[in-house]
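In: Mind looking at a prediction? Sequence and model below.
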Amino acid sequence: MTTTEKYVLAIDQGTTSTRAIIFNHAGEIISVGQKEFTQIFPNPGWVEHNPIEIWETTRTVVAEALQKAEINRHNLAAVGITNQRETTVVWDKNTGEPVYNAIVWQDMRTAPIVKELEGDEGPDRFRQICGLGLSPYFSGSKIKWILDNVEGARERAEAGDLLFGNTDCWVLWNLTGGVNGGVHCTDVTNASRTMLMDIRTLQWREDVCEIFGVPMSMLPAIKSSSEIYGYGRKNGLLVDTPISGILGDQQAATFGQACFEKGMAKNTYGTGCFMLMNTGTEPVFSDNGLLTTVAYKIGDQPAVYALEGSIAVAGSLVQWLRDNLGMIVKSSDIGELASTVEDNGGVYFVPAFSGLFAPYWRSDARGAIVGLTRYVNKGHIARAVEESTAFQSAEVLDAMNADSGVPLKELKVDGGMTHDDLVMQFQADLCGVDVVRPKVIETTALGAAYAAGMAVGFWSGTEDVVANWQEGKRWSPSMEPAERDRTYRLWKKAVTRTLDWVDDDVK
């Protein structure tokens with residue numbers, strides 16, 4: 001069988017849906033299976049998923065993608081996994097049953113635990129170890145919450161019966177057999193989002209785990225992002241197929257965007273918004289509210305690091321407008337509604353639904369719409385929603401430029417919102433640099449596919465990724481500097497109105 005007759009399947013286990021995408025050797029999409037799953041909001045600031053439903057959607061979309069492509073497992077060279085990071089699953093290794101719903105990365109319930117962990121040393125207590133400031137965002141405090149709040153969970157964990165993983169780990173364990181010999185491992189990029197891994201040694205830190213109250217027996221083995229972890233077993237569609245790539249979703253997009261050189265950066269517009277800049281083989285620690293994270297590790301090669309600016313709410317704000325307010329019927333309607341007005345009418349929408357992430361890291365913030373007058377209509381609200389993502393990204397880019405000392409020359413972008421010309425043009429105007437979208441914008445799934453394919457020799461290395469990358473569209477700045485400065489100043493003013501909202505007696 002020639003190379004062109006083989007394909008790589010990527011499972012993209014995202015925040016609102018699970019997708020399976022099949023790619024050919026040129027990095028082109030052959031078929032897609034996609035299924036949304038339930039978003040569970042038990043209390044204000046709480047966000048959960050049902051891990052069983054995640055696994056069921058995974059099986060469904062794999063079948064759909066294979067069927068659409070009219071191929072079977074014999075045509076697959078490898079399977080890669082990419083996933084919503086930090087989302088925490090704890091399950092019983094003997095029964096395969098989760099002890100609680102998955103606690104999603106956006107969830108803010110562990111703010112009191114985080115405050116307690118800060119002690120006298122503050123939010124940077126573990127930054128020099130794990131590259132992260134203390135925040136409810138990361139997995140460590142979510143594991144602790146489950147063990148502290150689910151009856152009998154801590155005893156079962158101490159007895160060695162419970163396993164932890166982000167959703168990559170949960171999907172891999174089930175794919176490779178579950179209770180019948182399922183492989184319990186994760187990759188360095190996902191491990192770097194737990195607060196429990198030493199960012200330099202790429203190993204779990206026993207002392208930090210002890211402080212978080214997490215038994216070491218729960219933790220998956222840490223592997224590279226590109227190696228054979230195991231073979232498909234339980235899911236008959238992928239029997240004996242090597243599962244050989246794992247990257248957290250934002251690292252996968254960085255990989256798929258061919259950001260392999262120091263100083264290259266990408267911004268992904270999804271449920272949240274995430275900008276990563278390659279900083280090379282040494283971790284760089286931020287002075288401006290960014291995270292230090294592992295970008296990728298290919299087999300035995302040294303790990304490559306990144307600075308990351310994480311924004312909690314981007315595409316999910318459009319969903320909120322659709323589902324909670326009913327202002328639009330489908331998410332893609334937002335651009336049309338926003339285009340009915342010439343500007344935002346003085347309205348700024350700061351979507352601090354889960355507090356503010358980079359560069360502020362304020363879990364006490366809550367969302368605000370400011371600048372309302374009788375003049376304002378739903379078009380202005382829609383435009384403020386669109387612009388909020390670009391404003392948040394511009395703040396992250398400013399922080400990245402300050403940390404790296406090298407101003408970014410252009411910004412590679414991907415994700416669903418890059419179809420929206422209004423957002424992308426506004427992004428270029430605010431940042432003052434060209435914004436560039438590749439031909440294949442499914443770079444998250446593509447990055448996982450590349451990592452998997454490289455492990456089995458389907459692609460020879462990163463040079464193949466660079467060769468496959470092609471520019472699709474470019475937006476250049478056109479806004480007058482004075483107007484840019486004015487609107488950006490008002491945005492920053494709007495952000496200050498969201499701070500210090502949560503008191504001890506406010507949910």
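Out: Perfect, thanks for sending it.
In: can you give me the strands in the stretch 251-400 of the chain?
Out: With DSSP state E, counting those that start in this stretch, the ranges of strands along the stretch 251-400 of the chain come out as 265-269, 273-280, 291-296, 304-311, 348-350, 368-370.
In: Identify whichever of the ones you listed lies nearest to residue 214.
Out: Closest approach to residue 214 among the strands of the stretch 251-400 of the chain (C-beta to C-beta): strand 291-296, 19.5 Å. In short, each C-beta sits where N, CA and C put it, glycine included.
In: Was I right to think residue 252 contacts residue 447?
Out: Yes: using C-beta atoms under 8 Å, residue 252 is in contact with residue 447, at 3.4 Å.
In: most remote residue from this structure's center?
Out: Farthest-out residue of the chain from its mean C-alpha position, per C-alpha atoms, centre = their mean: residue 374, at 38.0 Å.
In: And that residue, what's its pLDDT?
Out: pLDDT, residue 374: 96.
In: could the strands of the stretch 251-400 of the chain go into a markdown table alongside mean pLDDT, distance to residue 84 and mean neighbour count?
Out: Converted to a markdown table, the strands of the stretch 251-400 of the chain look like this (pLDDT from 0 to 100; distance: least, C-beta to C-beta, whole Å; neighbours: other C-beta atoms under 10 Å):
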| stretch | mean pLDDT | distance to residue 84 | mean neighbour count |
| --- | --- | --- | --- |
| strand 265-269 | 92 | 12 | 28 |
| strand 273-280 | 91 | 11 | 24 |
| strand 291-296 | 94 | 15 | 26 |
| strand 304-311 | 92 | 12 | 26 |
| strand 348-350 | 96 | 23 | 24 |
| strand 368-370 | 95 | 26 | 18 |
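In: of all the ones you listed, which lies closest to residue 483?
Out: Per C-beta to C-beta, nearest to residue 483 of the strands of the stretch 251-400 of the chain: strand 348-350, 14.7 Å.
In: mind listing what's buried in the longest helix that the chain contains?
Out: The single longest helix within the chain, with elements called by DSSP state H, is helix 378-404. Residues of helix 378-404 classed as buried by neighbour count (16 or more other C-beta atoms under 10 Å): 379-401, 403-404.
In: Can you tell me the SS state at residue 445?
Out: Classification of residue 445 using DSSP: H, G, I helix; E, B strand; the rest coil returns helix.
In: quick one: it and residue 21 touch, right?
Out: Yes: the pair residue 445 / residue 21 is scored as a contact, 4.3 Å apart, by C-beta under 8 Å.
In: Residues that sit against both of the two, list them.
Out: 10, 12 (C-beta atoms under 8 Å, 6 or more residues apart in numbering).
In: element containing residue 488, please.
Out: helix 481-496 (DSSP states H and E).
In: what does that helix rub up against?
Out: 344, 346, 348-350, 356, 360, 368, 370-371, 391, 394-395, 429-430, 432.
In: quick one: low-confidence parts of the stretch 201-350 of the chain?
Out: Scanning the stretch 201-350 of the chain for pLDDT under 70 picks out the ranges 234-236.
In: Would you map the helices across it?
Out: 206-212, 249-256, 315-323, 334-338 (DSSP state H, counting those that start in this stretch).
In: deepest of the ones you listed, which one?
Out: Mean neighbour count, computed with mean count of other C-beta atoms under 10 Å, is highest for helix 249-256 among those, reaching a mean of 32.
In: Residue 379 contacts residue 337, doesn't it?
Out: Yes: look at residue 379 against residue 337 with C-beta under 8 Å: they come within range, at 5.7 Å.
In: quick one: contacts for residue 219?
Out: With C-beta under 8 Å, 6+ apart, residue 219 has these contacts: 164, 196, 204, 209.
In: Show the low-confidence segments of the stretch 351-500 of the chain, by residue range.
Out: Ranges of the stretch 351-500 of the chain meeting pLDDT under 70: none found.
In: so what's residue 232 up against?
Out: So residue 232 contacts 73, 79, 175-176, 238-241, 243 (C-beta under 8 Å, 6+ apart).
In: 7 Å instead, please
Out: Contacts for residue 232 were tallied using C-beta atoms under 7 Å, 6 or more residues apart in numbering; they are 79, 175-176, 238-241, 243.
In: and what of residue 107?
Out: 46-47, 136, 142.
In: can you check residue 76 too?
Out: Contacts of residue 76 (C-beta under 7 Å, 6+ apart): 7-9, 241.
In: One more pass at 8 Å, please.
Out: Per C-beta under 8 Å, 6+ apart, neighbours of residue 76: 6-9, 22, 238, 241.
In: And residue 284, by the same measure?
Out: 292, 305, 307, 403-404.
In: Give me the distance between the closest residue to residue 404 other than its chain neighbours and residue 252.
Out: The shortest distance from residue 404 to any non-neighbouring residue, by C-beta to C-beta, 6 or more residues apart in numbering, is to residue 277 (6.3 Å). Applying C-beta to C-beta, to the nearest Å, the value for residue 277 to residue 252 is 16 Å.
In: before we move on, what about residue 28?
Out: 17 Å.
In: Distance check, residue 162 against residue 156.
Out: Residue 162 is 5 Å from residue 156, by C-beta to C-beta.
In: neighbour count winner among the two?
Out: residue 162 (26 against 19; other C-beta atoms under 10 Å).
In: residues contacting that one?
Out: 90-93, 99, 153, 156, 218.
In: same check, this time on residue 237
Out: 59, 62-63, 66, 72-73.
In: Give me the buried subset of these.
Out: Here, 16+ other C-beta under 10 Å leaves 59, 62-63, 66, 73 buried among the contacts of residue 237.
In: what's downstream of the longest helix of the chain, the next helix or strand?
Out: Past helix 378-404, the next helix or strand by DSSP H and E is strand 410-414.
In: what's that next one packed up against?
Out: Contacts defined by 3 or more C-beta pairs under 8 Å, 6 or more residues apart in numbering; DSSP states H and E place strand 410-414 against strand 265-269, helix 421-431, strand 434-438.
In: Wait, residue 274 touches residue 248, no?
Out: No: using C-beta under 8 Å, residue 274 is not in contact with residue 248, being 9.6 Å away.
In: Go ahead and list the helix or strand containing residue 116.
Out: Using DSSP H and E, residue 116 falls in helix 111-118.
In: List the buried residues of the next helix or strand after that helix.
Out: Using DSSP H and E, the helix or strand that follows helix 111-118 in sequence is helix 127-130. Across helix 127-130, burial judged by 16+ other C-beta under 10 Å covers 127, 129-130.
In: ok, residue 472 touching residue 437?
Out: Yes: between residue 472 and residue 437 there is a contact under C-beta under 8 Å: 4.8 Å.
In: Tell me which of those two has more neighbours.
Out: Using other C-beta under 10 Å as the criterion, residue 472 and residue 437 rank with residue 437 on top: 21 against 13.
In: Quick check: the more buried one vs residue 130, distance?
Out: For residue 437, the distance to residue 130 - C-beta to C-beta - is 33 Å.
In: Same check on residue 348?
Out: 34 Å.
In: what do you get for residue 25?
Out: For residue 25 relative to residue 130 (C-beta to C-beta), the value is 37 Å.
In: do the same with residue 48
Out: Taking C-beta to C-beta, one finds residue 48 at 25 Å from residue 130.
In: One more: residue 271?
Out: Counting by C-beta to C-beta - residue 271 and residue 130 are separated by 24 Å.
In: repeat for residue 444
Out: Residue 444 is 23 Å from residue 130, by C-beta to C-beta.
In: Same question for residue 155.
Out: 27 Å.
In: still on that earlier bit, do you know which of the helices of the stretch 201-350 of the chain lies nearest residue 412?
Out: helix 249-256 (9.0 Å).
In: and the residue nearest to residue 417 when sequence neighbours are not counted, what does it touch?
Out: Leaving aside its sequence neighbours, residue 417 sits nearest to residue 269 (C-beta to C-beta, 6+ apart; 3.6 Å). Applying C-beta under 8 Å, 6+ apart to residue 269 gives the contacts 314-315, 389, 413-418, 423.
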